[in-house]
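A.B. asks: turn this into a model:
(chains A and B, ligands or ions: 3)
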Amino acid sequence: MSVAVIGAGLAGRAAALLLRASGLDVTLIDAGPGATALGGGCVDTAAASPGVSWLPWRDPLQGRPLLPRERVQLVVAEQPTHPYTVAFGSDGDAACQAIERSIDALRSWLSPSGLAVEGSLDDARVLANLPGTVRVADYVLTGPSSGDLRGREEVVWVDVPGLEAWDPSYAARTLAYDLEALGLPAPKVRVLRGVWPERLAEPRVARLAPRLDRADVQTTLCEALAGQGSPERLLLVPPMLGVDHVGACLSRLGEATGGAVAEVLGHAPHATSGFRLQRALEQACSGVTVRRDRVSGLRERADGFELQFGEEPALDCGAVVLATGRYVGGGVDAAGVVREPLLGLPLYDADGRRVDGVPAHRSTRKGYANAQPLYSAGVRVDPAMRPLTARGEPWHGRLVAAGDLIGGFDPARERTGMGVALVTAARAVETVQAEMGHTG
Amino acid sequence: MRGYRGFFRELGHTGTWRALALQFRTGAWHVARQWMGRKDDGDPVARFYGHYAADGVVAHDPAADALARQAQACLVCGLCSMECARTGSNPPLDPRDAVVAASRLAVDWRRLGLSPAEACGGCTACESVCPAGIPIAGIQAHLAEIGTRE
Ligand SMILES: Cc1cc2nc3c(=O)[nH]c(=O)nc-3n(C[C@H](O)[C@H](O)[C@H](O)COP(=O)(O)OP(=O)(O)OC[C@H]3O[C@@H](n4cnc5c(N)ncnc54)[C@H](O)[C@@H]3O)c2cc1C
Ligand code: SF4
Ligand code: SF4
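C.D. replies: Ligands and ions are numbered 1, 2, ... in the order given. Take a look at the predicted model:
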């Protein structure tokens, strides 16, 4: 009997690749991209956005940013509903090891597409976001990975005239202000105007990025920026240096400018980073059986499950990995009343309160900085990643969940989103292997 | 006096004179014609267009309403635009703009800057990456069709 993975974002694809590596027969159900394709250029496992993420981001005594490893320890100590804590209890070291194993696997999946995952749990990079705010990052994809602000004397924002919804002077002011306010070493920040080639003036990141995959367009940009860099100066460009060949574009720009060039962090529609990740994952899954369809229902059978696809023929399988994401992916529906559409599973927020069955607006609180129950809503799982019913029992022994569908944390603001996707997928796969009598 | 329901919206969107003109025609001129017993004959839909098509006002049509409702699920993420550009197409209307425009129930095609009979290639590459599963190519074709009605 095969295993069905429902959902083709980071969690679903990671689960499918791990299952296939262990010799199980997998079918990945792909209903198009979800949150993974909209994400920023970071694979956050324990990163922080100062002022947004609610756990402390720096050491209160020494003032330095906390290392990602220390933040994992904080998460398992302070957040009992977080998936890391659910999976590993208060054992932060085990959580860190699982994260590192998952990142190694991710590296091997992405490297054929030329996308590298740089960073470690023992280094806290300081990166700039598109509006000029700051993120303390752990793992970063090719593109923004060379944009560490630490140890730079000068940071230069390259102006892209006409780019929609972006103002480099505003970003530069914000960056200078934020670095100082946060007590981080502050380089000189300025804006480089008048060098961006005329023929690359285009309001949309989404239309500009694919053009920068072409060698002749890259040459135009290299000629325009030639000699503008130096080893102490970092050139920051909006996140649009190509879709499929960002590595090539960056290294050519580095050579031409004679210094460091990096993309800043941003998410869709102002960045292509998530789409690159999604495409690289799709390539990595080229050997996996994929069915392009949306699951409309799931029925339990004597020897497993039957997946329904509306009018299309059903699919029988022995185990199911639910990786349907949240609001973007469609695993949790917030149009009207909050609910999990496939099985009607109960949903809980980070404080362990039920949030399903009530209108979405009742699960929000006033104030941007406050924890929002709606943002942390998802299914509750046991340590083996089996979704729990309202009575606290597993829904089924061979039904596991992974990724954003699991609640108890806020993937957007806590900066552990993709880390949870990877770690829960690995744990869910272990459960399936044990249930199906396979060992990897 | 009955008024044109979209008066304030129209005032905000297109300025005073056009709104006042519409207000006059719907609220006073038609009432006066009815009162004088003038009968219009012919197909009411055709008559509607006769009166208002020049103002860019379109009649509700169930198929278009269904498309508009689907378009309202748009996240404005721009993945469709990226995929469209990746395939090398350059449609007169960017797919994301098309979806956002179609999500407004009554579309005034003249505001889109779309000249008649300019549909995109209809390759549906954009649809394969849309997280909301919106029939983008169908929306493009629909908008172009509104453009050609004129
Ligand atoms: C704008 C934005 C920016 C973000 N930035 C970052 C960042 O910089 N760093 C970071 O680490 N995290 C970031 N996150 C969070 C991160 O993207 C998510 O935590 C992570 O990608 C979740 O992966 P997933 O596979 O669980 O969900 P998704 O990627 O949403 O995948 C769910 C999949 O399930 C499919 N699906 C749903 N229902 C069905 C069904 N019935 N049948 C078949 N398929 C179905 C969907 O089509 C979708 O492909 C961001 C999120 C957003 C929205
Ligand atoms: S169907 Fe039209 S809008 Fe969509 S990708 Fe093709 S050309 Fe672009
Ligand atoms: S891909 Fe879909 S959701 Fe995203 S902007 Fe285009 S139409 Fe809207």
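A.B. asks: find the nearest non-adjacent residue to A:Arg398, please.
C.D. replies: Once flanking residues are discounted, A:Arg398 sits nearest to A:Ala319: 4.0 Å by Cβ to Cβ, 6 or more residues apart in numbering or on different chains. Heads up, the C-betas are built off the backbone N, CA and C, glycines and all.
A.B. asks: tell me the contacts of the one you found?
C.D. replies: A:1, A:3-4, A:304-305, A:398-400, A:432, A:435-436 (Cβ atoms under 8 Å, 6 or more residues apart in numbering or on different chains).
A.B. asks: how about it, phi and psi?
C.D. replies: phi -150, psi 160 (degrees, to the nearest 10).
A.B. asks: show me what it is bridged to.
C.D. replies: Beta bridges link A:Ala319 to A:Val3, judged by DSSP bridges.
A.B. asks: any idea how far it is from chain B?
C.D. replies: 26 Å (Cβ to the nearest Cβ, to the nearest Å).
A.B. asks: ok, now how distant is that residue from A:Val400?
C.D. replies: According to Cβ to Cβ, to the nearest Å, A:Ala319 stands 8 Å off from A:Val400.
A.B. asks: so is the host helix or strand of A:Ser251 next to chain B?
C.D. replies: Taking DSSP states H and E as the definition, one finds A:Ser251 inside helix A:246-257. No: between helix A:246-257 and chain B, judged by Cβ under 8 Å from any Cβ of the partner chain, nothing touches; the nearest distance is 13.2 Å.
A.B. asks: low pLDDT regions in chain B?
C.D. replies: Chain B contains residues with pLDDT under 70 at B:1-15, B:18, B:38-40, B:55-60, B:105-117, B:147-150.
A.B. asks: for it, what spans make up the helices?
C.D. replies: Remark: helices assigned in chain B by DSSP state H are B:7-14, B:16-24, B:30-35, B:44-52, B:62-71, B:79-86, B:95-102, B:109-112, B:136-149.
A.B. asks: A:Gln73: neighbour count?
C.D. replies: 19 (other Cβ atoms under 10 Å in any protein chain shown).
A.B. asks: what sits against it?
C.D. replies: A:Gln73 neighbours (Cβ under 8 Å, 6+ apart): A:Gly92.
A.B. asks: close to ligand 1, is the helix or strand where it lies?
C.D. replies: Using DSSP H and E, A:Gln73 sits within helix A:68-78. No: using Cβ under 6 Å from any ligand atom, helix A:68-78 stays clear of ligand 1, with a minimum separation of 12.0 Å.
A.B. asks: near ligand 3, which residues of chain B? Just list them.
C.D. replies: B:74-80, B:95-96, B:99, B:130-132, B:134, B:136.
A.B. asks: ChimeraX command for the buried members of those residues?
C.D. replies: Selecting only the buried entries of those in ChimeraX, with 16 or more other Cβ atoms under 10 Å in any protein chain shown as the criterion:
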select /B:74,75,77,78,79,80,95,96,99,130,131,132,134,136
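A.B. asks: out of the residues of chain B next to ligand 3, who's nearest A:His270?
C.D. replies: B:Gly78 (8.2 Å; Cβ to Cβ).
A.B. asks: gap between A:Glu78 and ligand 3?
C.D. replies: According to Cβ to the nearest ligand atom, to the nearest Å, A:Glu78 and ligand 3 sit 36 Å apart.
A.B. asks: wait, doesn't B:Gly122 sit right on B:Pro135?
C.D. replies: No: B:Gly122 is beyond contact range of B:Pro135, at 11.1 Å (criterion: Cβ atoms under 8 Å).
A.B. asks: who's more crowded, these two?
C.D. replies: Higher neighbour count among B:Gly122 and B:Pro135: B:Pro135, with 19 against 14, using other Cβ under 10 Å.
A.B. asks: what sits against the more buried one?
C.D. replies: B:67, B:70, B:127.
A.B. asks: list the strands paired with whatever helix or strand comes next after the helix holding A:Ser251, with their directions.
C.D. replies: Following helix A:246-257 in sequence order, the next helix or strand is strand A:260-263 (DSSP H and E). If you go by DSSP bridges, strand A:260-263 pairs up with strand A:233-237 (parallel).
A.B. asks: any buried residues in the strand it pairs with, and which?
C.D. replies: By neighbour count with 16+ other Cβ under 10 Å, strand A:233-237 contains the buried residues A:233-237.
A.B. asks: other SSEs contacting the helix holding A:Ser251?
C.D. replies: For helix A:246-257, the packing partners by 3 or more Cβ pairs under 8 Å, 6 or more residues apart in numbering or on different chains; DSSP states H and E come out as helix A:215-225, strand A:233-237, strand A:260-263.
A.B. asks: picking that back up, nearest to ligand 3 among the buried residues of strand A:233-237?
C.D. replies: A:Val237 (23.1 Å; Cβ to the nearest ligand atom).
A.B. asks: report whether the helix or strand hosting A:Leu28 contacts ligand 1.
C.D. replies: Applying DSSP H and E as the criterion places A:Leu28 in strand A:26-30. Yes: using Cβ under 6 Å from any ligand atom, strand A:26-30 reaches ligand 1 at A:Ile29.
A.B. asks: which secondary structure elements does that strand sit against?
C.D. replies: strand A:3-6, helix A:10-21, strand A:289-292, strand A:312-317.
A.B. asks: for it, list every residue counted as buried.
C.D. replies: A:26-30.
A.B. asks: try stretch A:177-196
C.D. replies: Going by neighbour count (16+ other Cβ under 10 Å), the buried part of stretch A:177-196 is A:178-179, A:182, A:184, A:186-187, A:189, A:191-192, A:196.
A.B. asks: how about the CA coordinates for it, as CSV?
C.D. replies: Only the C-alpha atoms of stretch A:177-196 are listed here, as CSV (Å, rounded to 0.1, in the frame of the first residue of the first chain):
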residue,chain,number,x,y,z
TYR,A,177,17.4,54.1,12.5
ASP,A,178,16.7,50.5,13.3
LEU,A,179,20.3,49.4,13.6
GLU,A,180,21.0,52.2,16.0
ALA,A,181,17.8,51.7,18.1
LEU,A,182,18.5,48.0,18.4
GLY,A,183,22.1,48.7,19.5
LEU,A,184,23.6,46.8,16.6
PRO,A,185,26.8,48.0,14.9
ALA,A,186,25.7,50.7,12.5
PRO,A,187,27.5,51.1,9.1
LYS,A,188,27.0,54.2,7.0
VAL,A,189,23.9,53.8,4.9
ARG,A,190,23.2,55.6,1.6
VAL,A,191,21.3,55.3,-1.6
LEU,A,192,22.9,54.8,-5.1
ARG,A,193,20.9,56.6,-7.7
GLY,A,194,21.1,57.0,-11.4
VAL,A,195,23.0,53.8,-12.2
TRP,A,196,20.1,51.4,-12.8
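A.B. asks: give me the contacts around it.
C.D. replies: Against stretch A:177-196 from outside (Cβ under 8 Å, 6+ apart): A:50, A:58, A:63, A:65, A:126, A:132-134, A:149-161, A:168-169, A:172-173, A:175-176, A:224-225, A:228, A:234-235.
A.B. asks: quick one: which of the helices and strands packed on strand A:26-30 is nearest B:Val45?
C.D. replies: Between these, strand A:312-317 lies closest to B:Val45; by Cβ to Cβ that is 37.6 Å.
A.B. asks: is the closest one positioned near chain B?
C.D. replies: No: using Cβ under 8 Å from any Cβ, strand A:312-317 never reaches chain B; the gap is at least 15.0 Å.
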